[in-house]
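Trainee: below: sequence and its predicted model.
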Amino acid sequence: MTREEAISQIETFFRRAGECHFSFYADRDYIVARIGEAFIGFEYDEADELLSAQALIHRFRREPADRMLDAVFGEETESNTGGGRLVFNSENLAFYLQRDFDEFLGDSVFDTEIGRLARAGLKWNAEIVKRAAEKASV
């Protein structure tokens, strides 16, 4: 996906979502949006020509124990990631579901896929991380 395609994909997504006032890629390659209760970040990687979408699952206040990280990663299945994969960002101590797009998608397809990712992120936040924490404390 080219930079221009990524910009077009995101601008159309925000327009369709009713978000008209934003400046995407003015001086950065990352933007965060709130979609209902979900926080979704979009980032373009020019070197790999990828547009990534990340649904925030949970942010820790301090570094989690290895057993907690293992327990959360142990919950990942193909059916509960909304088409993405589970990632942990050690810089901001947060779990995300991430989906990479290497080609431009039709508007309704992109909207649907971002919606799946957002819903999965909310489920992880409400149910799956809690279950993993219970397993890690045993």
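Mentor: Done, it's in.

Trainee: if we ignore the residues flanking it in sequence, what's nearest residue 123?
Mentor: residue 80 (7.0 Å; Cβ to Cβ, 6 or more residues apart in numbering). Using the backbone N, CA and C atoms, a C-beta is placed for each residue, glycine as well.

Trainee: list the contacts of the one you found.
Mentor: 120, 123, 124, 128 (Cβ atoms under 8 Å, 6 or more residues apart in numbering).

Trainee: all strands for this protein, in order.
Mentor: For the chain, the strands defined by DSSP state E occupy 30-35, 38-45, 50-59, 85-89, 94-101.

Trainee: now the fourth one and strand 94-101, what's the angle there?
Mentor: Comparing the axes of strand 85-89 and strand 94-101 via axes from the mean of the first three to the mean of the last three Cα atoms, to 10 degrees yields an angle of 130 degrees.

Trainee: so for strand 85-89, what gets flagged as buried?
Mentor: By 16 or more other Cβ atoms under 10 Å, the buried positions in strand 85-89 come out as 86, 88.

Trainee: how about the last one?
Mentor: Residues 94, 95, 96, 97, 98, 99, 101 are the ones in strand 94-101 that count as buried (16+ other Cβ under 10 Å).

Trainee: measure the residue nearest to the third one when sequence neighbours are not counted to residue 97 for me?
Mentor: This points to residue 96. Using Cβ to Cβ, 6+ apart and skipping residues adjacent in sequence, the residue nearest residue 96 is residue 54, 4.1 Å away. Separation of residue 54 from residue 97 (Cβ to Cβ, to the nearest Å): 7 Å.
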